[in-house]
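Novice: one predicted model, sequence on top.
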Amino acid sequence: MEYLSVPIPDNQTIRKWAARACCFVVVCYVAWLVRIIWVPLGLALILAMVLDPIVDRMEARGWNRTWATAFIFGAFLLIAGGLLALSLPYLMAQGSQMQAQFQRYFPDGSPDGLARSLHKMNVPEGTANIAAKTMGSLEQEWARSTSSVVGYGILFASNLVWVVIIPIVAFYALRDFHLIMAKALLVVPFRNRSVVQTAVVEITAVFGKYLRGLAIVSALNGVATFLLLQALGVPSALLLGALAGLLYSVPYVGAVLTVALTAAVSFLGGGLNLMLAAVGASIFLHQILFDQIVTPRILGGHVGLHPILSIIALLVGNLLLGIVGMILAVPVAACIQIAVLAVLPKLAVPIDLPPPNVESEATLTVEDSESSAKKDASEHMREAVASAVDAIDGQAAPPEEPLNSPLH
């Protein structure tokens with residue numbers, strides 16, 4: 001009769017595991033107690049991540065890292081602050097005008113009140129009821145999705161110290177971006193360091209490329225929407241353009257909300273003919289020009305996320321963090337996908353399925369790709385970080401093998 005032997009750890013190992021578990025619980029508890037700081041710090045780190053490749057290129061051209069960081073960061077704050085200061089009075093004025101116009105036509109915001117107001121505009125009863133319920137549902141969903149944003153906005157307004165802390169943290173994170181990476185890698189065991197560093201580099205690259213591209217596309221969309229609606233004579237064109245730029249960062253949902261807002265404002269401001277013209281032009285601008293031409297050229301499919309996973313990510317992001325969660329859902333999901341592929345590389349192996357008229361077995365093929373001989377500034381910085389970490393450890397890195405990983 002065979003017995004199953006289960007190894008029992010000694011007392012020293014048990015005490016070590018217990019100490020680590022206690023430390024982990026304490027760290028998690030403290031992180032939960034100070035949870036209010038993670039959103040501002042996260043915003044600062046995201047800003048540093050987005051601007052880091054620009055500073056890397058300037059440093060490669062001979063700039064001092066500190067001066068390059070100060071120049072790029074100062075230019076970013078100056079441009080963003082200047083645009084906000086110039087446009088804010090007009091946006092507030094048009095927002096008040098739009099609110100007054102809606103209150104004049106829809107004094108009662110309840111579904112029944114909206115239906116009565118639509119009846120007075122000679123809208124058919126069935127259409128009015130459906131529109132009223134839809135508007136009520138959109139209002140509730142918008143309020144729920146933006147509740148976290150409004151909450152953090154009120155918190156920042158009551159605690160203005162974050163307005164100073166976020167730029168300072170972002171500046172130092174941008175200046176010492178690679179040094180912070182090196183310190184973090186020292187915590188990783190030497191045998192796993194190469195995999196971890198590759199995954200982190202790929203994740204930051206995807207996140208940074210997506211956010212930079214999304215910012216450019218959203219800004220272009222806002223400007224194009226403003227010019228189009230201004231040419232058509234739609235009231236509050238500047239506010240609608242600003243909202244279109246912000247909402248376009250929310251995949252799928254943003255364009256629909258922009259068209260709905262455009263339809264409502266143009267109908268109240270100019271009647272049915274203006275609404276039809278504005279809606280038709282907006283659909284062409286968003287769904288055809290930007291979705292099919294501009295956005296693919298700028299973003300270029302760097303995220304590489306399957307459409308089904310994108311939709312799931314958007315739903316999860318909306319449930320967790322509302323509008324902010326939907327904006328960050330796609331790049332975060334892409335980063336999770338990169339981490340999963342690093343752990344399970346066989347999931348990234350392409351499956352070559354034969355056509356239906358060919359009787360053969362499906363085979364798995366791996367395409368070998370050679371790394372480019374031309375390396376950019378970020379690649380040189382990555383090698384410098386790896387060398388510095390190895391020198392601190394006093395260990396020689398093993399010879400680098402060709403990277404056949406799906407991350408490259």
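Specialist: Good, I have the coordinates. What you see is a predicted model; the values in this text were computed from it and never measured.

Novice: now do the same contact list for the residue nearest to V169 when sequence neighbours are not counted.
Specialist: Spatially, and ignoring its direct neighbours in sequence, V169 is nearest to A44 (3.9 Å; CB to CB, 6 or more residues apart in numbering). Heads up, the C-betas are built off the backbone N, CA and C, glycines and all. Each residue near A44 by CB atoms under 8 Å, 6 or more residues apart in numbering is listed here: 165-167, 169-170, 173.

Novice: closest to S110 among the residues you listed?
Specialist: Closest approach between the contacts of A44 and S110, by CB to CB: I166, at 39.4 Å.

Novice: now name the helix or strand holding the residue nearest to V169.
Specialist: Counting by DSSP states H and E, the element that carries A44 is helix 38-60.

Novice: weed out the non-buried ones from the contacts of A44.
Specialist: Neighbour counting with 16 or more other CB atoms under 10 Å marks 166-167, 169-170, 173 as buried within the contacts of A44.

Novice: what about the strands in this structure?
Specialist: 351-352, 363-364 (DSSP state E).

Novice: could you tell me the least trusted of those?
Specialist: Of all those, mean pLDDT reaches its minimum on strand 363-364 (a mean of 44).

Novice: in the protein, which helix is the longest?
Specialist: Assignment by DSSP state H gives helix 190-232 as the longest helix of the chain.

Novice: average pLDDT for that helix?
Specialist: Rounded mean pLDDT across helix 190-232 is 83.

Novice: where exactly do the helices run in this structure?
Specialist: Using DSSP H, helices in the chain cover 11-33, 38-60, 65-105, 111-120, 125-145, 147-158, 161-175, 177-187, 190-232, 237-247, 253-283, 295-299, 307-343, 377-393.

Novice: quick one: which of these is nearest L289?
Specialist: helix 190-232 (7.8 Å).

Novice: poorly predicted segments of the stretch 251-400 of the chain, please.
Specialist: 252, 299-304, 322-324, 345-346, 348-378, 380-381, 383-384, 388, 390-400 (pLDDT under 70).

Novice: please redo it, this time with the cut-off set to 50
Specialist: 354, 356-373, 396-400 (pLDDT under 50).

Novice: now pLDDT too, for the contacts of A44, in JSON lines please.
Specialist: Putting these into JSON lines (pLDDT from 0 to 100) gives the following:
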{"residue": "I165", "pLDDT": "82"}
{"residue": "I166", "pLDDT": "82"}
{"residue": "P167", "pLDDT": "84"}
{"residue": "V169", "pLDDT": "88"}
{"residue": "A170", "pLDDT": "87"}
{"residue": "A173", "pLDDT": "88"}
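
Novice: show me the shaky parts of the stretch 51-200 of the chain.
Specialist: Nowhere does the stretch 51-200 of the chain drop to pLDDT under 50.

Novice: before we move on, back to that, tell me what angle the helix holding A44 forms with helix 11-33.
Specialist: Angle of helix 38-60 versus helix 11-33, following axes from the mean of the first three to the mean of the last three CA atoms, to 10 degrees, is 100 degrees.

Novice: buried sites along helix 38-60?
Specialist: 39-40, 44-56, 58-59.

Novice: gap between that helix and the chain center?
Specialist: 14 Å (CA atoms, centre = their mean, to the nearest Å).

Novice: also stretch 256-270?
Specialist: Worked out by CA atoms, centre = their mean, stretch 256-270 lies 27 Å from the chain centre.

Novice: spatially central residue for this structure, please.
Specialist: When CA atoms, centre = their mean is applied to the chain, the residue found nearest the centroid is L328 (3.1 Å).

Novice: for the nearest residue to G269 once chain neighbours are set aside, give its distance to F24.
Specialist: Nearest non-adjacent residue to G269, counting by CB to CB, 6+ apart: P235, 3.8 Å away. P235 sits 57 Å away from F24, going by CB to CB, to the nearest Å.

Novice: okay, those two: which has more neighbours?
Specialist: Taking other CB atoms under 10 Å, P235 and F24 do not tie; P235 has more neighbours (17 against 10).

Novice: the more buried one reaches Q101, doesn't it?
Specialist: Yes: counting by CB atoms under 8 Å, P235 does reach Q101; the two are 7.3 Å apart.

Novice: common neighbours of those two, please.
Specialist: Counting by CB under 8 Å, 6+ apart, the common neighbours of P235 and Q101 are 265, 268-269.

Novice: phi first, then psi, for D176.
Specialist: Dihedral pair for D176: phi -110, psi 30, per degrees, to the nearest 10.

Novice: what about it, how many residues nearby?
Specialist: 16.

Novice: now swap in the one 10 residues further on and tell me
Specialist: Neighbour count of L186, defined by other CB under 10 Å: 12.

Novice: and the closest residue to it other than its chain neighbours, what does it touch?
Specialist: Nearest non-adjacent residue to L186, counting by CB to CB, 6+ apart: V389, 6.0 Å away. Contacts here follow CB under 8 Å, 6+ apart; on that basis V389 touches 182, 185-186, 193.

Novice: from M58, how far off is V389?
Specialist: Using CB to CB, V389 is found at 24 Å from M58.

Novice: how about V343?
Specialist: For V343 relative to M58 (CB to CB), the value is 35 Å.

Novice: likewise G269?
Specialist: From G269 to M58 the distance is 47 Å (CB to CB).

Novice: quick one: stretch 321-337 to chain centroid distance?
Specialist: Counting by CA atoms, centre = their mean, stretch 321-337 comes out at 6 Å from the chain centroid.

Novice: circling back to that earlier point, can you spell out which helices and strands pack onto the longest helix of the chain?
Specialist: Counting contacts by 3 or more CB pairs under 8 Å, 6 or more residues apart in numbering; DSSP states H and E, helix 190-232 is packed against helix 38-60, helix 177-187, helix 237-247, helix 253-283, helix 295-299, helix 307-343, helix 377-393.

Novice: for the shortest one, give me every contacting residue.
Specialist: Pointing back at helix 295-299 there. Here helix 295-299 makes contact (CB under 8 Å, 6+ apart) with 209-210, 213-214, 216-217.

Novice: any idea how far that helix is from the chain center?
Specialist: 15 Å.

Novice: one more: the third one?
Specialist: If you compare the mean C-alpha spot of helix 237-247 with that of the full chain, they lie 19 Å apart, counting by CA atoms, centre = their mean.
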